[in-house]
Each structure stands twice: as structure tokens, then as C-alpha cells.
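> Sharing a sequence plus its predicted fold:
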Amino acid sequence: MKISVTVNGTKYERDVEPRTLLVYFLREALGLTGAHVGCDSSSCGVCTVVLDGERAVKSCTMFAVQADGHAITTVEGLAQGGKLHPLQQAFWDCHGLQCGFCTPGMLMTSYVFLQRNPDPSEAEIRDALSGNLCRCTGYQNIVASVQQAAGVLRAEAAPAAEPVGA
Amino acid sequence: MIPAAFEYRRAGSTDEAVAWLAELGADARVLAGGQSLIPAMRYRFARPAVLIDINRVAELDYLRENGSLVLGALVRDSKLEHMPGLRARHPLIADVSVVVADPVVRQTATILGSLCHNDPTGDWPVAALAAGAEIVVRGAGGVRVVPIDDFLVDTFETAVADGELALEVRFPAPTERTSGAYQKIERKVGDFATAAAAAQLRLTADGTIAEVGIAIGAAGPKAVRVAAAEALLRGAAPTKDAIRAAGAEAEKLADPVGDARGSVAYKKAMAGVLVARALTVALERLGVGGLR
């Protein structure tokens, strides 16, 4: 079946078998290996990508044909103009990754979560990430990374303050 | 594993989906959230010849509150999770909406899909029993409304016949002095439940229990109503002893499978404990304390 999917702003048209799962389409047909294959059964979250900018989905549990006509964002689409996304920068700064295998999923889940909840508590971050597993057990720094990124994104979203005394 | 090959059809309307289901009968399965169906296809537990994708059927994506909470086939769990005021109006539903699978899966999984999957460890079948839900099903012959007790037939089997499409689920709105709660034990977020229980009850003005729904999950081939516990409590005062007796009925009724999550004896005991907890929390939400 012929599908047309916009991934990280680029439109791709490909012929796929209906049974092709989205994560294999991204990795094998498009060469975007940022979304990883872990448990392959929607438990671990390393394959998480973003659908239409607003929904985190585990791409091992969605068929590529379902993405026809939709926009997908993968970890490769986070950095803009060579500049890391605040989430990526925060994971760097806070040592939010060890082996890095879970990181793309952590980033994409957090990306959607912070849109909905720009100023989350630590407990809310832990809950939001509970479908993403880190087998290095580096959760402490992952949570700290999301907290830092939330602060940066809030500051970016706030209208620029008037210069004092102007 | 990769699922076996299938033919993919994308429905543009309910009419089209129903027509295809009538044409294909047992060869077709409906794809909504797919969060249970796709893993089942990957493990080759399910091997439909044709998958009918209803995700673009906009007319199935609705949520209405008109005395009942009415959820169309495309309402995803996260919609309830983030719905303002839901907890005040439907405490049992609100409890469930934050413990199904995990937060990412809930962004895609649908409530009606979970009911149609009828996994014996699923959350929604348990809650639907306690809440007295109804499911609206459409086939070539028209539309019928199925009470949840008749809907949940057996493991992975419901009253939705070949050629039919489940359209919506209706949860009756709790009236005054009504509350509920859901309790579940799981080894980790996203695991199948080790034990689960739901309760919803209404008190009379003098504080006795007028109506009550109690159900348990992960306790047999399908979620099951604990009718003996309901009978005990109906017309009774909400006391610690009454709650304990209701829990004992659940423990007696539970018929779980022993596995890595726990032995048969443990799971039976937890069915009783969780029914008692669900009742306690529901009553506390109505301002009835001193039950712990």
C-alpha cells in the first residue's frame, strides 16, 4: 500500500506492507534509527515517537499504514538548526543518559508531556515517564533533566521581560 | 514477531465499517487503538485476514455527558485522564483512567477497545461491571444496547457478533450520595494486574447502602460481578464488619490462575482485600470514615 508520511518536516512516499510496524518503517525504510526497538511489545517505550506534534505513541504498536497522511516527529527532529532542543541539552547537562538506549523514548515522551504540563512536580514527571524503562536505572538524572528542560521551555515561552528602568 | 500478513481497509464512516464487517464476518477485526490487538497479532494469538481501521471515522470520536458518560469507540484513555471535573462526577472512572497500562499507551488505547478485547486482567471490564455500563452495538440488522453483564462473555470474547461494530459505552452518571473507587495491584506500571477490584455505591439519606456494584478482575476467565457481596451490602449500614464480609465473598468467588505474579491463595486473598479497600475509599469519598 502506498503511504505518504511527513517525518520531521520531510514528506516521504513509500510502498509498505500493511503489517509493517511504524518503528521498522522509520528505521528500515527511512533510515531513521533514533526510535529504538526494545521489548517490541509496547512495554518499554524506547520506540516512542510523536504523532501530529501532540501524541506520544509507541511505534512498535502502530502500523505504518496508520501513519498515512500524518506527521511524525522522531528524536532526529528535535534539534533545530544544529542547536539541541532544551530537553536534549538538559539530558546532556544533567547526565540524563548512561547507555542511551532509552533516551529517544524518554525525550519524545517528555516532549509531549511538557506541552500538557509545562510546570510539573517531580512526582508528575515520574508518573509521566512510567511507561518508559531505563535499564541503567538512571531515573534520578532523567527526572532532573526533565525538570531543567521544563524551566528552560517555560522561560522561552514567557514574553521577554521589559528591561528594568526602561 | 511481525504480525502475519493481512489486508488493510480504512473505513471512512460507520456505515462503511459495518458494511465491511457484514461482508467479512469472522475474517475481520476492528482496529481502534490497537494497543491489545497489535501485540496479540504480533504473538500470533490473533490472525485476522482483514483489519478494518476505524481511526479516521470522526463520527465515532465523541464524548457526551447527558445523564450518562457516553464514550464513542475512538475515545482514548488519556482523554478521560485529562478531563476537567471527571473525578467529581465519576470517581470510579477517574480512578481507572490513570492506572490503565502506562501514560504513553493511554494516549492511543481506547476504552471501548479494552471492553471489546475483554482481557481477564483488563481494567475497564471490572469498572464497567461495578458502574453498570451498557454497550451500544451495531450490525446489519440495526443497533442494540447490551448490558455489561451480558457483554462480557468469556476470555477475549464479547457479545459483539461477527459482522457487528461496538459504537459506544455508556456509564450511568452517579446520582447524589454516590461514589466509587478502583483498586489494583500490579508489579509495575503497565504489567497485567495481579488483582483488581471496583466498587460503586449509593447511600440513602439515612446513610444505609441503597445500591452497590462490586466486581473483581484477574480472578478468573473474565471480570466478574461479586453478586453475593452486593446482596450482603444492599440495605445494610456501611460498617467495618460489613465491608470485611463483602471482601470475604470476593475472596471466595475469585478463581485466579497462579503465576509469577502470585499464587492462587495470594490472588484470592488480594481480591478480598481490594474489594474491601475499594468500598472503604468509595465510602470515605462520601464522608463516611472510621472504616479502616
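Nice, I can see it. Numbering: from 1, shown residues only, chains lettered A, B, ... in the order given.
> so how far is stretch B:89-105 off the chain centroid?
Here stretch B:89-105 is found 11 Å from its chain centre; the criterion is CA atoms, centre = their mean, to the nearest Å.
> Show me the shaky parts of the stretch 51-200 of chain B.
Scanning the stretch 51-200 of chain B for pLDDT under 70 picks out nothing.
> For chain A, give me its nearest residue in it.
B:D102 (2.7 Å; CB to the nearest CB). C-beta here means a position set from N, CA and C on the backbone, and glycine is covered the same way.
> Disregarding residues adjacent in the polypeptide, which is nearest to A:D93?
Of all residues not flanking A:D93 in the chain, A:Q148 sits nearest, at 6.5 Å (CB to CB, 6 or more residues apart in numbering or on different chains).
> Ok, B:V18 next?
Nearest non-adjacent residue to B:V18, counting by CB to CB, 6+ apart: B:L165, 5.3 Å away.
> partner residues bridging that neighbour?
Assessed by DSSP bridges, B:L165 has beta-bridge partners B:R138.
> what's around it, how many residues?
24 (other CB atoms under 10 Å in any protein chain shown).
> Equivalent analysis for B:S263, please.
Quick note: B:S263 (other CB under 10 Å) scores 11 neighbours.
> Show me the domain layout of chain B.
Following automatic domain parsing, chain B resolves into domains at B:7-53, B:58-172, B:178-285.
> Throw those into CSV and include distance to A:V50, thanks.
Output for these, formatted as CSV (distance: least, CB to CB, whole Å):
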stretch, distance to A:V50
domain B:7-53, 17
domain B:58-172, 10
domain B:178-285, 19
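> A:Q140 is nearest to which of those domains?
With CB to CB as the criterion, A:Q140 lies closest to domain B:178-285 of the domains of chain B, at 17.4 Å.
> Is the closest one positioned near chain A?
Yes. Judged by CB under 8 Å from any CB of the partner chain, domain B:178-285 and chain A are in contact via B:V189, B:G190.
> What's the end-to-end length of that domain?
Start-to-end span of domain B:178-285 (CA to CA, to the nearest Å) is 9 Å.
> circling back to that earlier point, mind listing what's buried along the helix or strand the residue nearest to A:D93 falls within?
Per DSSP states H and E: A:Q148 is located in helix A:139-157. Judged by neighbour count using 16 or more other CB atoms under 10 Å in any protein chain shown, the buried positions of helix A:139-157 are A:Y139, A:N141, A:I142, A:V143, A:A144, A:S145, A:V146, A:Q147, A:Q148, A:A149, A:A150, A:L153.
> what residues does that helix touch?
For helix A:139-157, the external contacting residues (CB atoms under 8 Å, 6 or more residues apart in numbering or on different chains) are A:86-87, A:89-91, A:93-97, A:106, A:110, A:113-114, A:118-120, A:122, A:125-126, A:129, A:134.
> what about the closest residue to A:G9 other than its chain neighbours, neighbour count?
Spatially, and ignoring its direct neighbours in sequence, A:G9 is nearest to A:G77 (6.8 Å; CB to CB, 6+ apart). By other CB under 10 Å, the residues close to A:G77 number 20.
> Would you agree A:G77 is in contact with A:N8?
Yes. Using CB atoms under 8 Å, A:G77 makes contact with A:N8 at a distance of 3.1 Å.
> Could you measure from the closest residue to chain B within chain A over to B:D154?
Chain A approaches chain B most closely through A:G131 (2.7 Å), counting by CB to the nearest CB. To B:D154, A:G131 is 29 Å away according to CB to CB, to the nearest Å.
> what about those two, which has more around it?
More crowded of A:G131 and B:D154, by other CB under 10 Å: A:G131, with 24 against 10.
> quick one: secondary structure of the more buried one?
Assigned with DSSP: H, G, I helix; E, B strand; the rest coil, A:G131 falls in the coil class.
> Surely it touches B:G190?
Yes. Counting by CB under 8 Å, A:G131 touches B:G190, with 5.7 Å between them.
> The longest helix along chain B: which residues count as buried?
Longest helix in chain B, counting residues (DSSP state H): helix B:264-285. Neighbour-count burial for helix B:264-285, counted by 16+ other CB under 10 Å, picks out B:267-283, B:285.
> With stretch B:207-216 instead?
When burial is assessed from 16+ other CB under 10 Å, stretch B:207-216 yields the following buried residues: B:I209, B:A210, B:E211, B:V212, B:G213, B:I214, B:A215, B:I216.
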